[in-house]
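Chemist: please find the sequence and the predicted model below.
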Amino acid sequence: KKLNMTLSMMLARRFQAIPPLGQRQLAPLSTVIRRVFEIGSGSTKCEVAEVCLENNTILRSIFTKSSQVLFLRDLKHGMHAGRMEISPETRDLGVLAIKALLAETDTLNPQQTAAVATEAFRRADNGEATVGVFARECGISVSIASAEQEARLGFECALGLSGREPGKLLSWDCGAGSFQMSNESDCHVDSHGSGTIHAVAVALGSVGLESRADLADALLDHLRVELKPLPLWLENLEERSAVAIGSPNSIFNQQRVLSGLTTFSQLDVERTLAEVVAVPEHLVPDLERTRSAAALANSENAPYVLPKLALLLGAMRHSRIGEVTFMPTNGNCAALLTQQGLWADAAPPYAPAASSQGSCMNNSSDPPIQLEAQPAS
C-alpha cells in the first residue's frame, strides 16, 4: 500500500510537469530573411522574404518591387562591329536600380542576399563583365541563369502558386527577351519575348504597312515562320492548358487587364487583339483606363500592346495551347528564394527567429539549381 502511494505521487509529479497540449510551446523554426534580385531583360525585380530552413518554404513575403531597366532594348541598339553589348550608360542605370532597391530594403535587415541575371545577359557579349560590375559596385553575388535554369524556376513558381499536381502542370513564363514552357521533366525555350516582338513590330512598321490590322497580320505571319519547332514532349502533350506566370508588364497581364479574364482561350485573345487593332495607338491608354488598368495605361506601354497580344496568340496557336491561367508574380523571385544551390555560398544567417508557420512555396524535394556567381568584392 505504501509502495502504491509512492508510485502515485511520482506519476502525479511527472504529469504535472507536462502542460496540456494546447499550452505547450513549440520549438521556434530555424528561419532566415533573404533578399533576392532577378535582373531581367526589361526590369530588375527584388523580393525579401522569411524562409524556413528546415522545410525550405517561404513563410512570408515582406517586400516586393520591380524597377524598369531596358537591358534588351539597349542590347538591340548597341551592336558595334558585329558585337551585341550592353552600353556603359544602361549598365550604370542597372547599378543605380540595384542600389536603390538595396537601400530601400536594408531596413528590413536581410540576412542573405543574392542576384540572378537572365536573357539579355546571356545574349550580350559583355554579359559576364556587366554582372561583374553589378557585383563589385553593389556588393552582392550575381549569377547568370541558363535558359533551362530559368525555365525550371518558372515551373517551380507555377507549381507553388497553382496547387496543381507536378505531373499535370505545363508552365509558361515570358519576359522581354524569351519565353519558356516546362513540364515536370522537360523544357522548351524560344527567343521571342515582349521586347523582341516589339522590335519586330518596329521593323515591320518601317516598311509602310497601311494599317494596324496589317501589322497584326504581319506579326502573326512572322511568328508562324520564326517560332521554334515544338519538341516531341510538347507536341504529344495531352493536357493543352498552361499556367502562366509574369509581372504586370507581361504578355499575360496585358490580356488580363484588357479582357478582365485570368483564364482565357485563343478566342479570348483574338477578340482582345481585334479590339486593340481597331484603336489608334495613341488612344490605347484610354482603352486600358476604361478597363481599370491604370498601372499599364501610359504612352510608354502603348507601342507594346499590339505586339504583346500578337505574341501571346501566335505562341498559343503554335503550341496548340487551348487555355491559359495567369498567376501574377514578381518574376521568378519566389522560386529563387528557396533555391538551395543559390544560397549555399551566401553569408550565413543570424540566429534563428521564431515565426508563425505558413507556406506559399515548397521546393524541399527539388534538386538545387547550381549557379556560378560573380562574387561581390
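Modeler: Here it is on my side, so go on.
Chemist: flag the shaky bits of the stretch 51-200 of the chain, pLDDT-wise.
Modeler: 76-81 (pLDDT under 70).
Chemist: now do the strands in it.
Modeler: Counting by DSSP state E, counting those that start in this stretch, the stretch 51-200 of the chain has strands at residues 57-68, 79-80, 83-84, 112-117, 142-144, 171-174, 179-182, 187-190.
Chemist: and these: which comes nearest Ala315?
Modeler: Among these, strand 179-182 comes nearest to Ala315, with 6.7 Å by CB to CB. All C-beta spots, glycine's among them, are computed from the backbone N, C-alpha and C.
Chemist: on the three-state scheme, the most centrally placed residue in the chain is what?
Modeler: Note on the chain: the residue nearest the mean C-alpha position is Gly331, at 1.9 Å, using CA atoms, centre = their mean. Here Gly331 is recorded as coil under DSSP: H, G, I helix; E, B strand; the rest coil.
Chemist: for it, give me the pLDDT.
Modeler: pLDDT, Gly331: 93.
Chemist: contacts only, for it.
Modeler: Contacts for Gly331 were tallied using CB atoms under 8 Å, 6 or more residues apart in numbering; they are 38, 40, 43, 45, 66, 175, 247.
Chemist: wait, doesn't the first one sit right on Asn332?
Modeler: If I follow you right, that is Glu38. Yes. Taking contacts as CB atoms under 8 Å, Glu38 lies within contact range of Asn332: 5.6 Å.
Chemist: need the residues touching each of these two.
Modeler: Counting by CB under 8 Å, 6+ apart, the shared contacts of Glu38 and Asn332 are Val116.
Chemist: more neighbours, these two?
Modeler: Asn332 (29 against 25; other CB atoms under 10 Å).
Chemist: now the more buried one: closest residue in space, sequence neighbours ignored.
Modeler: Spatial nearest neighbour of Asn332, excluding adjacent residues (CB to CB, 6 or more residues apart in numbering): Leu153 at 4.0 Å.
Chemist: what is the neighbour count of that neighbour?
Modeler: 29.
Chemist: what's the answer for Leu219, then?
Modeler: Close neighbours of Leu219, defined as other CB under 10 Å, add up to 23.
Chemist: quick one, phi/psi of Asp186?
Modeler: Main-chain torsions, Asp186, degrees, to the nearest 10: phi -130, psi 170.
Chemist: isn't it right up against Glu235?
Modeler: No. Contact status for Asp186 versus Glu235: not in contact, 11.3 Å apart, counting by CB under 8 Å.
Chemist: tell me which residues touch the residue nearest to Ser265 when sequence neighbours are not counted, please.
Modeler: Distances taken as CB to CB, 6+ apart put Glu323 closest to Ser265, at 5.4 Å, once the chain neighbours are dropped. Residues near Glu323 by CB under 8 Å, 6+ apart: 240-242, 263-265.
Chemist: among the residues you listed, name the ones in strands.
Modeler: Under the assignment DSSP state E, the contacts of Glu323 contribute 241-242, 263-265 to strands.
Chemist: if we can go back for a sec, and the strands of the stretch 51-200 of the chain as JSON lines, adding mean neighbour count?
Modeler: Shown next, in JSON lines, are the strands of the stretch 51-200 of the chain (neighbours: other CB atoms under 10 Å):
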{"stretch": "strand 57-68", "mean neighbour count": "17"}
{"stretch": "strand 79-80", "mean neighbour count": "10"}
{"stretch": "strand 83-84", "mean neighbour count": "14"}
{"stretch": "strand 112-117", "mean neighbour count": "25"}
{"stretch": "strand 142-144", "mean neighbour count": "24"}
{"stretch": "strand 171-174", "mean neighbour count": "27"}
{"stretch": "strand 179-182", "mean neighbour count": "26"}
{"stretch": "strand 187-190", "mean neighbour count": "20"}
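Chemist: of those strands, which is nearest Leu306?
Modeler: Closest to Leu306 of those, according to CB to CB: strand 171-174, at 15.9 Å.
Chemist: any idea how far that closest one is from the middle of the chain?
Modeler: Here strand 171-174 is found 9 Å from its chain centre; the criterion is CA atoms, centre = their mean, to the nearest Å.
Chemist: what comes into contact with that strand?
Modeler: The contact list for strand 171-174 (CB under 8 Å, 6+ apart) reads 150-151, 153-155, 157-159, 179-183, 193-194, 242-246, 250-252, 311-312, 315, 321, 324, 332.
Chemist: returning to that earlier point: for Glu137, see how far away the residue nearest to Ser265 is.
Modeler: As judged by CB to CB, to the nearest Å, Glu323 and Glu137 stand 44 Å apart.
Chemist: again with Asp173
Modeler: Distance, Asp173 to Glu137, using CB to CB: 28 Å.
Chemist: still on that earlier bit, Asp186 and Glu235: which is more packed in?
Modeler: Each of Asp186 and Glu235 has its neighbours counted (other CB under 10 Å); Asp186 has more, 15 against 11.
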